[in-house]
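Q: With the sequence up front, the predicted model follows.
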Amino acid sequence: MLLLLKIFLVPVLIAVVTLGTRRWGPRVGGWLSGLPTVAGPTLCFYAWEQGPRFGARAAHATLVGLVAVPFFCLAYAYSARQPRWAVSLLAGWAAFLLGIAVFSRFSLSLAVAWMLLAVSCAAAVVLMPATGPAGASPPHTRWDLPLRMLAAAVLVFALTSAADRLGPALSGLLTPFPVAIAIIAAFTHNERGRDPLIVFFRGFLPALASFGLFCVVLALALEPFGLWTALAIALVVQLSIQTATLWIRT
């Protein structure tokens with residue numbers, strides 16, 4: 001049962017986000033991509049298989065890792081002036097890995113880690129390159145959605161399978177590794193150009209900060225309340241903040 005959830009749950013969530021992005025555009029798509037579609041289930045699998053204490057510590061480490069995700073977005077956006085998505089992808093991943101290498105050296109409390117995440121997201125939005133007028137959307141390739149679903153499933157399966165060997169800290173730091181977001185960025189860049197990509201990042205980054213609150217709640221609530229209650233509280237907190245953020249920005 002658990003294996004089937006790992007294989008099918010996250011790809012289905014990725015499909016919902018992808019189709020929502022196609023239906024409502026890159027700004028709403030960025031908001032949807034901030035939902036706990038990959039890292040959220042991964043943290044739940046940690047808690048389910050390794051226990052609430054492991055899950056809580058992994059959620060804390062994931063929050064620290066999230067601080068480096070805006071680095072990926074900025075590095076990708078600034079290297080996307082040329083239509084070579086592979087170069088931009090490598091630049092983004094290098095920036096993310098450098099970020100977690102730096103932040104993992106500090107013992108950050110949940111409050112400090114979330115504040116750093118909020119500052120990192122806000123700074124990345126401000127520092128994003130300017131965009132021109134939006135152009136018409138080209139047709140999507142048939143490999144877009146399957147690759148996103150496959151990449152997310154592989155990441156979740158690999159991390160949860162290796163969690164007992166990696167430990168909660170390293171497992172958590174690697175949980176927000178930009179795989180599904182990287183595929184969205186690469187396809188958007190390749191098919192539509194740099195400007196829609198930047199619009200996507202601007203929608204995604206505020207939602208990322210609210211996902212950080214999801215991690216905070218899980219880290220605090222998993223041990224005293226158990227997985228399902230902690231998950232319910234975390235989802236309510238994130239969705240409330242994220243919906244308010246979208247409403248304010250509309």
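A: Noted; the coordinates are in hand. This is a predicted model, so every value here is computed, not measured. Numbers count the residues shown, from 1 in each chain.

Q: looking at this protein, which helix or strand is least sure?
A: Least confident helix or strand, the chain: helix 26-33 with a mean of 66, by mean pLDDT, DSSP states H and E.

Q: tell me what the helix or strand following that one is packed against?
A: Next in sequence after helix 26-33, counting helices and strands by DSSP states H and E, comes helix 39-50. Applying 3 or more CB pairs under 8 Å, 6 or more residues apart in numbering; DSSP states H and E, one finds that helix 39-50 contacts helix 2-24, helix 52-66, helix 144-174, helix 194-225, helix 227-249. All C-beta atoms are positioned from the backbone trio N, CA, C, and that covers glycine.

Q: mind running it again at 6 Å?
A: helix 52-66, helix 144-174 (3 or more CB pairs under 6 Å, 6 or more residues apart in numbering; DSSP states H and E).

Q: Give the rounded mean pLDDT of that helix.
A: Mean per-residue pLDDT for helix 39-50: 90.

Q: just stretch 168-177 next, same as before
A: 91.

Q: if we can go back for a sec, and among the helices and strands packed on helix 39-50, the most buried is which?
A: Most buried of the helices and strands packed on helix 39-50 by mean neighbour count (mean count of other CB atoms under 10 Å) is helix 52-66; its value is a mean of 25.

Q: Show me what that helix is in contact with.
A: 39, 43, 46-47, 100, 103, 108, 113, 117, 168-169, 171-173, 175-176, 212, 215, 218-219, 222-223 (CB atoms under 6 Å, 6 or more residues apart in numbering).

Q: Then stretch 75-85?
A: S88, A91, G92, A95, M128, P129, A185, A186, H189, N190, R194, I198.

Q: Can you point out the buried residues in it?
A: For stretch 75-85, the neighbour count (16 or more other CB atoms under 10 Å) marks A75, Y76, A77, Y78, S79, A80, W85 as buried.

Q: mind giving me a markdown table with the contacts of stretch 75-85 and columns for pLDDT?
A: Formatted as a markdown table, those follow (pLDDT from 0 to 100):
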| residue | pLDDT |
| --- | --- |
| S88 | 92 |
| A91 | 94 |
| G92 | 94 |
| A95 | 96 |
| M128 | 93 |
| P129 | 90 |
| A185 | 84 |
| A186 | 83 |
| H189 | 83 |
| N190 | 79 |
| R194 | 82 |
| I198 | 89 |
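
Q: Just the buried ones among the residues you listed, please.
A: Among the contacts of stretch 75-85, the ones that count as buried by 16+ other CB under 10 Å are S88, A91, G92, A95, M128, A185, A186, H189, N190, R194, I198.

Q: which among those residues gets closest to L13?
A: Among those, A185 lies closest to L13 (CB to CB), at 18.0 Å.

Q: Now flag whichever of the buried residues of stretch 75-85 is closest to L9.
A: For these, the nearest to L9 is Y76 (27.0 Å; CB to CB).

Q: who's in contact with the nearest residue to that closest one once chain neighbours are set aside?
A: Once flanking residues are discounted, Y76 sits nearest to G92: 3.7 Å by CB to CB, 6 or more residues apart in numbering. Listed by CB under 6 Å, 6+ apart, the contact set of G92 reads F72, A75, Y76.

Q: Which element, helix or strand, includes G92?
A: G92 is part of helix 85-103, with elements assigned from DSSP H and E.
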